[in-house]
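Enquirer: Quick one, what's the 3D model for this:
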Amino acid sequence: MVLTKGVVLVRKRLCLIILIVFLLSTWTVSVAQAAELEIEKTLTETDGLISNTVLTVFEDSHGAMWFGTTDGLTHYDGENFRTFTTEDGLSQNTIGLIFEDQHGMLWFADGVLSHFLERGKPMDMSWMETPLSELDLDIQPYNETTEETRRVVPLKGVSRYDGQTFKIFTTADGLPRDTIKDIFEDKAGTLWFATSSGVSQYDGEKFNTITVNGPMGMNVLPDWWNQITAIAQDTVGNFWFGSTAGITYYNVQKSDFRYFAVDADFVPFQEMRQSPNANITDLQFDTNENLWMSRDGIDEEDSGMRRYDGKKLTIFPQSEALPMNSVDTIMQDSSGNLWFTGVKNLPPTLNETEESVSMVYNVVNPGVSVYNGERFQNFNKDDGLPSNRVWSVFEDSSGKFWFATDAGAAVGVYLPSQNSDN
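Expert: Residues are numbered from 1 along each chain as shown. The predicted model follows:
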């Protein structure tokens with residue numbers, strides 16, 4: 001059959017149209033498959049929470065939800081809310097850390113998040129004179145590169161709840177300090193507590209404290225090594241401690257310590273000749289046994305996330321999808337995605353009036369970021385979150401995600417991208 005020139009031209013145009021329609025449909029499907037966050041509801045004081053400023057969310061082994069806030073603790077069984085404060089036996093009302101051990105005991109402490117509550121608020125520069133001998137306090141080290149104000153934190157300890165009553169553990173029971181930043185349980189059932197004076201082990205009867213001396217030859221306050229903020233354990237069974245000074249690797253069998261700088265080379269401190277300034281806030285091993293570490297900083301060199309694969313350190317810089325230079329928490333979900341919460345610190349400004357002088361540490365609340373193994377993505381109020389200040393993320397047994405914010409606890413569904421080209 002012989003085709004005329006006109007017929008050939010029509011066929012070419014038809015093929016071009018079909019190709020364009022195919023490409024557009026592919027692009028449309030691709031966009032539709034981009035990761036989404038669907039918030040279903042937000043629990044607030046109106047529903048029964050003791051406070052809208054929720055620092056942490058936790059689900060216990062019975063399926064009940066717990067909400068740690070700045071004003072106490074709320075228990076939610078799906079129908080009824082019940083609140084707990086110091087009047088009910090809690091050691092403190094600011095709860096930023098909830099943990100359940102293998103015996104079903106619940107532990108409540110201030111956690112590392114409680115030390116960031118003053119962000120964005122003026123710091124009074126006036127001073128009062130009080131003998132230190134009259135104070136029972138834990139004074140956190142001051143670091144000019146962070147936005148964290150110099151705070152004097154009353155000693156509170158950690159609370160244990162057996163379902164009926166609370167028991168408070170303090171220095172009188174063997175803890176080296178009463179500020180608890182993290183809790184970890186090993187396979188033997190021993191609890192490890194991160195404190196501002198080392199790591200304390202609890203075997204169910206007594207506490208045993210491990211202190212870090214720090215590397216020799218370093219010009220750094222020894223106590224900075226013992227300002228432990230995070231605990232992680234690798235598959236071999238050895239521990240990694242995050243602190244104000246850096247990362248400490250602890251070989252359990254040999255009782256041996258190694259110290260690492262959180263810089264581009266992640267070199268041991270024995271090879272360095274400068275003081276560390278790490279301010280580690282959290283540690284998390286991912287499914288590939290990479291160690292992720294977050295920092296509390298303000299300089300550009302401190303920003304972003306760091307991942308150590310056992311050989312080299314990879315730095316993920318601050319970006320539109322990871323818009324925070326100070327990361328508070330890292331959470332790995334059941335699919336292996338990593339969630340990050342924190343803020344973007346801005347340079348401090350001096351606020352002078354006739355009555356007082358204060359330093360204002362300004363911050364930007366960016367929402368929450370998630371890493372799927374290939375790229376970061378950010379979610380905020382535009383995506384349905386009640387606030388851009390997200391303190392932490394928790395995944396419950398049904399696969400739903402809870403976001404602890406300063407405007408309540410939001411719960412929703414995360415729909416990951418099905419197209420790796422987005």
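Enquirer: And the residue nearest the centre of the protein?
Expert: Centroid-nearest residue in the chain, with CA atoms, centre = their mean: Thr329, separated by 0.8 Å.
Enquirer: Could you double-check that that residue sits in contact with Phe394?
Expert: No: contact between Thr329 and Phe394 fails when scored by CB atoms under 8 Å: they sit 9.9 Å apart. Heads up, the C-betas are built off the backbone N, CA and C, glycines and all.
Enquirer: quick one on the thing from earlier: within the helices and strands, which one has the residue nearest to the centre of the chain?
Expert: Element membership of Thr329, judged by DSSP states H and E, is strand 326-332.
Enquirer: Downstream of that strand, the next helix or strand is which one?
Expert: Counting by DSSP H and E, what follows strand 326-332 is strand 338-345.
Enquirer: Specify the angle between that next one and strand 326-332 in degrees.
Expert: Strand 338-345 runs at 170 degrees relative to strand 326-332, counting by axes from the mean of the first three to the mean of the last three CA atoms, to 10 degrees.
Enquirer: Neighbouring strands - and their directions - for whatever helix or strand comes next after strand 338-345?
Expert: The first helix or strand that comes after strand 338-345 along the chain, using DSSP H and E, is strand 349-352. In the sheet, strand 349-352 lines up against strand 357-360 (antiparallel) (DSSP bridges).
Enquirer: pull the CA atoms of the partner strand into CSV?
Expert: C-alpha atoms of strand 357-360 as CSV (Å, rounded to 0.1, in the frame of the first residue of the first chain):
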residue,chain,number,x,y,z
VAL,A,357,20.1,44.1,79.5
SER,A,358,19.3,40.7,77.9
MET,A,359,20.7,38.5,75.2
VAL,A,360,18.0,37.1,72.8
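Enquirer: other SSEs contacting whatever helix or strand comes next after it?
Expert: Once the chain leaves strand 357-360, the next helix or strand it forms, by DSSP H and E, is strand 363-364. Using 3 or more CB pairs under 8 Å, 6 or more residues apart in numbering; DSSP states H and E, the elements in contact with strand 363-364 are strand 338-345.
Enquirer: Give the partner strands of the strand it packs on in its sheet and their orientations.
Expert: Paired strands of strand 338-345, with direction, are strand 326-332 (antiparallel), strand 363-364 (antiparallel), strand 368-371 (antiparallel) (DSSP bridges).
Enquirer: Quickly, which of those bottoms out on average pLDDT?
Expert: Averaged per stretch, pLDDT over the strands paired with strand 338-345 is lowest on strand 363-364, reaching a mean of 88.
Enquirer: What is the neighbour count of Glu36?
Expert: Look at Glu36: counted by other CB atoms under 10 Å, it has 16 neighbours.
Enquirer: close enough to count as contact, it and Gly412?
Expert: No: if you go by CB under 8 Å, Glu36 and Gly412 don't touch, sitting 9.6 Å apart.
Enquirer: With distance to Val54 as extra columns, can I get the strands paired with strand 338-345 in JSON lines?
Expert: Below are those laid out as JSON lines (distance: least, CB to CB, whole Å):
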{"stretch": "strand 326-332", "distance to Val54": "13"}
{"stretch": "strand 363-364", "distance to Val54": "18"}
{"stretch": "strand 368-371", "distance to Val54": "13"}
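Enquirer: for these, which one sits closest to His62?
Expert: strand 326-332 (21.5 Å; CB to CB).
Enquirer: sorry, back to before: partner residues bridging the residue nearest to the centre of the chain?
Expert: The partner residues for Thr329, given DSSP bridges, come to Thr341.
Enquirer: ok now do it, which residues does it touch?
Expert: When contacts are counted by CB atoms under 8 Å, 6 or more residues apart in numbering, Thr329 touches 113, 281-282, 294, 339-342, 391-393.
Enquirer: all strands of the stretch 201-350 of the chain, in order?
Expert: Assigned by DSSP state E, counting those that start in this stretch, the strands in the stretch 201-350 of the chain fall at 207-210, 228-233, 239-243, 247-251, 256-260, 280-285, 291-295, 305-308, 313-316, 326-332, 338-345, 349-352.
Enquirer: Identify the residue nearest Trp66 in space, chain neighbours excluded?
Expert: Phe58 (4.6 Å; CB to CB, 6 or more residues apart in numbering).
Enquirer: Gly104 now?
Expert: In space, Gly104 is closest to Ser61, 5.8 Å off (CB to CB, 6+ apart).
Enquirer: tally of neighbours for that neighbour?
Expert: Ser61 has 10 neighbours, counted by other CB under 10 Å.
Enquirer: Would it be right to say that it lies in a helix?
Expert: No: per DSSP: H, G, I helix; E, B strand; the rest coil, Ser61 lies outside any helix segment and is coil.
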